[in-house]
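Asks: A predicted structure for the sequence below; I have some questions about it.
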Amino acid sequence: MTMTNSSLATKAILSESFTAPRQGTIKGVAIHCTAGSPDSTAETIARVLQPRSRGASCNYAIGGDGSICLVVEEKNRAWCTSSGAVDHCAISIEVASDGRGLVVRPAAVAALIDLLVDICRRNGIKELKWKADKRLLYRWEEQNMVVHRWTSKDGKSCPGDYLYGLHPQIAEQVNMRLKGGEDDMTEEQVREIVRQVLAERDKEPASVWAEYALDWGMANKITDGRKPQGYCTREQVVTMLQRLYQRLAGKE
């Protein structure tokens, strides 16, 4: 099958960071979030990834306004997921997001779904499969949506809680359209889905292996124990370290 590029990309700002040609066929997709602004345009993201000195790229960039830019042609491997085995088999898409991966504009989500439908149609992918199961990594016939957090060597949370939590709905919308439906999500529906996803995440109890440490931290006023599986900002980490220092120094 001849690999083509999406006509939905209105501009091509090609990165110097890629491997040519891609090894094998396109079997799935990897959705990523940027660590910048949810209002960044696709062109802005592409220009950041353009120089080889950056050492990273993606196949497509999507801006907060819904703009789409080609960064690495689909026939080539983008350097995006910290795994050659994934990059050679997946189309990587960077979506404009805030630094914590919690804010993505509805226009970007809508453009992402449009692009995914187009990618699947052109590459013979009949449906997107998502089971949120890292154990199925590389088993493309069972799960063909991959996330960077599964392959990262430095603890990345990519694609952030927003897009990660939306994966089931994204797959559902794409598959509906691949089967002939055109029932797109409205901005209100996107926001409500994300609100529910984040609310459920905040209800998750602590992992069994962390229960003792969490209880100790609460007893010693290091942490309040809320959202045990949530992410920490730098200011929260520094505050907990300060409390720990004061505790150890007897300066409470």
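Replies: Arrived safely. Numbering: from 1, shown residues only.
Asks: got a list of what the residue nearest to residue 17 when sequence neighbours are not counted touches?
Replies: Computed as CB to CB, 6 or more residues apart in numbering, the closest residue to residue 17 that is not its neighbour in sequence is residue 57, at 4.2 Å. All C-beta atoms are positioned from the backbone trio N, CA, C, and that covers glycine. Counting by CB atoms under 8 Å, 6 or more residues apart in numbering, residue 57 touches 15, 17, 18, 49, 71, 72, 78, 79, 80, 92.
Asks: hmm, try it at 10 Å
Replies: Each residue near residue 57 by CB atoms under 10 Å, 6 or more residues apart in numbering is listed here: 14-19, 46, 48-50, 71-72, 76-80, 87, 92, 94.
Asks: Can I have the buried ones of these as a PyMOL selection?
Replies: A single PyMOL command selects the buried members of the contacts of residue 57 (16 or more other CB atoms under 10 Å):
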select buried, resi 14+15+17+18+46+48+49+50+71+72+76+77+78+79+80+87+92+94
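Asks: Tell me where the stretch 101-250 of the chain has helices.
Replies: Applying DSSP state H, counting those that start in this stretch to the stretch 101-250 of the chain gives helices spanning 106-123, 160-178, 187-203, 211-219, 234-248.
Asks: I'd like to know how far the nearest residue to residue 67 once chain neighbours are set aside sits from residue 156.
Replies: Sequence neighbours aside, residue 42 is the residue nearest to residue 67 in space, at 4.0 Å (criterion: CB to CB, 6+ apart). To residue 156, residue 42 is 21 Å away according to CB to CB, to the nearest Å.
Asks: same deal with residue 150?
Replies: Distance, residue 150 to residue 156, by CB to CB: 10 Å.
Asks: picking that back up, so between residue 42 and residue 156, which is more surrounded?
Replies: When residue 42 and residue 156 are compared for neighbours, residue 42 comes out ahead with 28 against 19, by other CB atoms under 10 Å.
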